[in-house]
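Q: Build me a structure from this.
(2 chains, ligands or ions: 4)
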Number of protein chains: 2
Amino acid sequence: MSYIQQSFSVQFEYKVFFTEHLFDPSNPVFAEFLDSRAEKGIRKKLLFIVDDGVTKHHETLQEQITAYCSSLDNYELVQDIIVVPGGEASKNDLQLFYWLVNAVDQHAIDRHSYVIGIGGGSVLDLVGYVAAVSHRGIKHIRIPTTVLSQNDSGVGVKNGINYHGKKNFLGTFAPPAAVFNDAFYLTTLDERDWRSGMIEAVKVALIKDAAFFEWMETHADELAVGEPKSLQYLIRRCAELHMQHIGGAGDPFESGSSRPLDFGHWSAHKLEQLTDFELRHGEAVSIGIALDSVYAWLMGMLDAESLERIIQLLKTLRLPLYHPLLEIEDDSSPIMAGLEEFREHLGGRLTIALLEGPGKGKEVHSIDPATLRKAVNMLRDKW
Amino acid sequence: MSYIQQSFSVQFEYKVFFTEHLFDPSNPVFAEFLDSRAEKGIRKKLLFIVDDGVTKHHETLQEQITAYCSSLDNYELVQDIIVVPGGEASKNDLQLFYWLVNAVDQHAIDRHSYVIGIGGGSVLDLVGYVAAVSHRGIKHIRIPTTVLSQNDSGVGVKNGINYHGKKNFLGTFAPPAAVFNDAFYLTTLDERDWRSGMIEAVKVALIKDAAFFEWMETHADELAVGEPKSLQYLIRRCAELHMQHIGGAGDPFESGSSRPLDFGHWSAHKLEQLTDFELRHGEAVSIGIALDSVYAWLMGMLDAESLERIIQLLKTLRLPLYHPLLEIEDDSSPIMAGLEEFREHLGGRLTIALLEGPGKGKEVHSIDPATLRKAVNMLRDKW
Ligand SMILES: NC(=O)c1ccc[n+]([C@@H]2O[C@H](COP(=O)([O-])OP(=O)(O)OC[C@H]3O[C@@H](n4cnc5c(N)ncnc54)[C@H](O)[C@@H]3O)[C@@H](O)[C@H]2O)c1
Ligand SMILES: NC(=O)c1ccc[n+]([C@@H]2O[C@H](COP(=O)([O-])OP(=O)(O)OC[C@H]3O[C@@H](n4cnc5c(N)ncnc54)[C@H](O)[C@@H]3O)[C@@H](O)[C@H]2O)c1
Ligand SMILES: [Zn+2]
Ligand SMILES: [Zn+2]
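A: Ligands and ions are numbered 1, 2, ... in the order given. Next comes the predicted model:
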């Protein structure tokens, strides 16, 4: 048989910086990063796109950015800093996507310039997607402003928007040029947002790091009230574990079906959608983790003590365990449909991350509906 | 400074097969490829999207595909084979993009299934883009049916659609799962299509392979009438050189500004757009190559004999050298605007591939408008 073989590899690198008050004139972190990327004779543009949930609470942010950027060599701030509605709505609106694509076009943002997203995971997912497909990929910088985006969504390689109500139906894998986690943003979050963001740390600890899970148990009371030092440690360790998985597990762009980081997520995605995103992602994942943990225990995978510890931690962190839409009447119940949609999103074979104990994830390829129903009923009645 | 470093590489592999009558029941090439990708217990779907320029001339194609696929194990043909309008128009129509995205959704094409595009470079660019962004990237197979797509666009890693009249404004880098070059399709092409497709071979030979350029000079009369054996050799060698460049030059996803394969293309993109794509891509590139070659000669880079050989080959192949829209009145003339757009598309720094001789590309970072104008005038008046 006659053919030509193609084979190459592409290297990706980026740093996630931890800082506070990124655009304070005395903070060199952002400027130093840009300096390190400056090229002689090229004036690169910086197009900022900011979550309105951020500007609402950080009213001088635009001026700060303008002042900070005025002292940068080789970079030119695009004067109109774009403000977009925050939250999941930003991912549901194709018009917004095209509005940003038009901005890239009108401001002549080229492949050497930077699109910089500041906001929660939703806005970053939207901005990342815009950057990934404009000019076949322009560089983007992420400045995540929520717990969830600083410890998970903002430090990874995915982006996406929803389409016809389907979560992340359109998107790509596109590593950022850099990520800046600024702890100051966390101080203005709604309680539901910072609280629910912690669930990704619970998730990744359960799958990968028993010691981190124990640390959370020990610090649960501080975490429950959002004590800054503990919250910051949680974010950092969680980000690190996510990044290690992406970089170290050999499948950063998820060509296989294995998705341990999606522990607790299959039902969560469906719950978010069913509640029209009234439920926060993290709240939905908390319920999803509770569900899959009880299911794992019912299936004899997880011991009773571990289950009790997991439920206890979620309760101490005041994270939800149950939602009426979990109820399973029959195979056509919404959660069962969610299972099928998850299979579809993954690829042909269902692969669900479950648990054998804290720090010990394990994959299964089928879910028993009767046992799942039992798990739902327990979550409703027992805790 | 406090940060976490991320670093990983992603490996990409695919084969470009050369065959004839791909869906003939006795041709095992396609079935063998799919067999090699089959996974136990997973039924993968095959969604075909076909250029209507192809179905027009290959009326039994859909039945052939249906018959061929009925004998495949582990694969399920999506019954409705989608036919889309061929040619550049397919890349100008956002509705068509969403129509195909909807088909991926409705037929529940997952990340293990295949979207298979059959058609010219335009349809393949559209289908590749749809596949690249659906579910953050589903696998796609290309079956290029034109000279240009078999020797260049279909064997590489790019896709894209036009947006607001801007060529390839939206797109990604996404290697195919496999490419099947079926020589039989070439027999039904319009003369303008097969003829203009040869220009990419002239281009890549000029940049990289003097021996191949000489081979074309020797076989110019056969090529000029589309003699199949010569045309097939031209396609294969051209595909090979393109693939070697993509895989071997260290920048397959074009993060830098260096684009030797874009020799002759900066003005071509603009000419295509200015003529509302009445000019074929290859015709525009032929004019672009003529322009840049004369320019290189005027700048003292290229010797007179080489220039003469290039012009002679283009003429023997009956490819155009000039278009009235090349005319430069002043800096705001369309071609000068095209130069600026090309810079933008590349990134901050203008990088134009020029020539020092057959097989010897050389990059420059500025274009002298007065000399360019002189080159245009020579093309108009001299040959
Ligand atoms: N790309 C990935 O890998 C990935 C991973 C996990 C989750 N996600 C996505 O992330 C999204 C959720 O992100 P999220 O949890 O960050 O919520 P979010 O982005 O939806 O934001 C929640 C709310 O907080 C507001 N907000 C943001 N920063 C603020 C601040 N500093 N102060 C006050 N208010 C602020 C926003 O305006 C919004 O109203 C979901 O769409 C989810 O699918 C993506
Ligand atoms: N992705 C890349 O790397 C890359 C590289 C170069 C060019 N391109 C793109 O490729 C496109 C041009 O592709 P093209 O030259 O193949 O032309 P095309 O796809 O526009 O097709 C030209 C015409 O030929 C018809 N056709 C296709 N196959 C046929 C067949 N076998 N018999 C009869 N008619 C047939 C089509 O319907 C169309 O009308 C441009 O949009 C260009 O930008 C992409
Ligand atoms: Zn999550
Ligand atoms: Zn070309």
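Q: In chain A, spot the helix with the most residues.
A: helix A:228-248 (DSSP state H).
Q: which residues sit against that helix?
A: Contact with helix A:228-248 is made by A:16, A:18, A:147, A:150-152, A:155-157, A:181, A:183, A:186-187, A:194, A:198, A:200-201, A:204-205, A:208-209, A:212, A:215-216, A:219, A:222-223, A:252, A:260-261, B:4, B:6-8, as judged by C-beta atoms under 8 Å, 6 or more residues apart in numbering or on different chains. Any C-beta I mention is one placed from the backbone N, CA and C, and that applies to glycine too.
Q: try stretch A:323-339
A: For stretch A:323-339, contacts defined as C-beta under 8 Å, 6+ apart pick out A:266-267, A:269-271, A:273-275, A:279, A:284, A:287, A:291, A:350, A:367, A:369, A:372-373, A:376, A:379-380.
Q: redo that, cut-off 7 Å
A: With contact meaning C-beta atoms under 7 Å, 6 or more residues apart in numbering or on different chains, stretch A:323-339 is reached by A:266-267, A:269-271, A:274-275, A:279, A:287, A:291, A:367, A:369, A:372-373, A:376.
Q: Next: stretch A:297-311.
A: Taking C-beta under 7 Å, 6+ apart as the rule, stretch A:297-311 contacts A:206, A:217, A:290, A:293-294, A:296, A:321, A:354-358, A:362, A:371, A:374-375, A:383.
Q: Mark which of these are buried, thanks.
A: A:206, A:217, A:290, A:293-294, A:296, A:321, A:354-355, A:357-358, A:362, A:375 (16 or more other C-beta atoms under 10 Å in any protein chain shown).
Q: now residue A:22, nearest residue through space, not along the chain?
A: residue A:182 (4.5 Å; C-beta to C-beta, 6 or more residues apart in numbering or on different chains).
Q: now, which of the contacts of stretch A:297-311 lie within helices?
A: Checking the contacts of stretch A:297-311 against DSSP H, those in helices are A:206, A:217, A:290, A:293, A:294, A:296, A:371, A:374, A:375.
Q: wait, what's in contact with the last one?
A: The reference is to residue A:375. Neighbours of residue A:375 in contact, by C-beta under 7 Å, 6+ apart: A:291, A:294, A:295, A:298.
Q: how about these in CSV, adding distance to ligand 1 and pLDDT?
A: Supplementary listing: the contacts of residue A:375 in CSV, determined by distance: C-beta to the nearest ligand atom, whole Å; pLDDT from 0 to 100:
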residue, distance to ligand 1, pLDDT
A:291, 18, 98
A:294, 23, 98
A:295, 22, 98
A:298, 27, 97
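Q: Go through the contacts of helix A:228-248 and flag which are in strands.
A: Members of the contacts of helix A:228-248 lying in strands (criterion: DSSP state E): A:16, A:18, A:181, B:4, B:6, B:7, B:8.
Q: check contacts around the second one.
A: This means residue A:18. With the criterion set at C-beta under 7 Å, 6+ apart, residue A:18 makes contact with A:181, A:236, B:2, B:3.
Q: The lowest-mean-pLDDT helix or strand in chain A: how far from the chain's middle?
A: Here the helix or strand of chain A ranked lowest by mean pLDDT, DSSP states H and E is helix A:334-346, holding a mean of 85. Relative to the chain's own centre, helix A:334-346 is displaced by 20 Å; criterion: C-alpha atoms, centre = their mean, to the nearest Å.
Q: Buried ones in it, by neighbour count?
A: Using 16+ other C-beta under 10 Å as the test for burial, helix A:334-346 gives A:334, A:335, A:336, A:338, A:339, A:341, A:342, A:343, A:344, A:345, A:346.
Q: Equivalent analysis for stretch A:358-365, please.
A: Within stretch A:358-365, the residues that count as buried by 16+ other C-beta under 10 Å are A:358, A:359, A:361, A:362, A:364.
Q: Just grab the bridge partners of the third one for me.
A: Listed beta-bridge partners, residue A:361: residue A:355 (assigned using DSSP bridges).
Q: and it, what does it touch?
A: Contacts of residue A:361 by C-beta under 7 Å, 6+ apart are A:207, A:208, A:260, A:263, A:353, A:355.
Q: For the last one, list the residues it contacts.
A: Same thing as residue A:355. Going by C-beta under 7 Å, 6+ apart, residue A:355 touches A:206, A:293, A:296, A:301, A:302, A:361, A:362.
Q: Likewise for the second one?
A: Residue A:208 sits next to A:241, A:245, A:359, A:361 when contact means C-beta under 7 Å, 6+ apart.
Q: thinking again about what came up before, and the next helix or strand past the longest helix of chain A?
A: Moving toward the C-terminus from helix A:228-248, the next helix or strand (DSSP states H and E) is helix A:265-274.
Q: Quick one: mean pLDDT over that following helix.
A: For helix A:265-274, mean pLDDT rounds to 93.
Q: Could you report the pLDDT at residue A:348?
A: At residue A:348, pLDDT is 63.
Q: actually residue A:255, not the one I wrote
A: Confidence for residue A:255, expressed as pLDDT, is 82.
Q: Now the closest residue to residue A:134 other than its chain neighbours: which helix or strand?
A: Among residues not flanking residue A:134 along the chain, residue A:104 sits closest, at 4.5 Å (C-beta to C-beta, 6+ apart). According to DSSP H and E, residue A:104 maps onto helix A:94-106.
Q: quick one: residue A:106 and residue B:116, what's the gap?
A: 36 Å (C-beta to C-beta, to the nearest Å).
Q: For the two, indicate the residue with more neighbours.
A: Ranked by neighbour count (other C-beta atoms under 10 Å in any protein chain shown), residue A:106 and residue B:116 place residue B:116 first, with 26 against 11.
Q: I'd say the more buried one and residue B:141 touch.
A: Yes: between residue B:116 and residue B:141 there is a contact at 4.5 Å, judged by C-beta atoms under 7 Å.
Q: Contacts only, for the nearest residue to residue A:119 once chain neighbours are set aside.
A: Using C-beta to C-beta, 6+ apart and skipping residues adjacent in sequence, the residue nearest residue A:119 is residue A:51, 2.6 Å away. Contacts of residue A:51 were listed using C-beta under 7 Å, 6+ apart, and they are A:84, A:86, A:118, A:119, A:120, A:123, A:145.
Q: State the phi and psi torsions of residue A:173.
A: phi -100, psi 120 (degrees, to the nearest 10).
Q: can you pull up the bridge partners for it?
A: residue A:158.
Q: Just give the number of residues close to residue A:103.
A: With other C-beta under 10 Å as criterion, residue A:103 counts 18.
Q: which one is it nearest to, not counting chain neighbours?
A: Leaving aside its chain neighbours, residue A:103 sits nearest to residue A:82 (6.0 Å; criterion: C-beta to C-beta, 6+ apart).
Q: Against residue B:56, how distant is the closest residue to ligand 2 within the stretch 101-250 of chain A?
A: Closest to ligand 2 within the stretch 101-250 of chain A is residue A:136: 9.4 Å, counting by C-beta to the nearest ligand atom. According to C-beta to C-beta, residue A:136 stands 31 Å off from residue B:56.
Q: residues in contact with the closest residue to ligand 2 within the stretch 201-350 of chain A?
A: At 19.9 Å from ligand 2, residue A:253 is the closest residue in the stretch 201-350 of chain A, using C-beta to the nearest ligand atom. Residues near residue A:253 by C-beta under 7 Å, 6+ apart: A:173, B:10.
Q: where does the most centrally placed residue in chain A land on pLDDT?
A: Closest to where the C-alpha atoms of chain A average out (C-alpha atoms, centre = their mean) is residue A:153, at 2.0 Å. Predicted confidence (pLDDT) for residue A:153: 93.
Q: for the one 5 residues further on, same thing?
A: We note a pLDDT of 97 for residue A:158 in this prediction.
Q: Let me know how buried it is, in neighbour terms.
A: Around residue A:158 there are 20 residues (other C-beta under 10 Å).
Q: No more questions from me, cheers.
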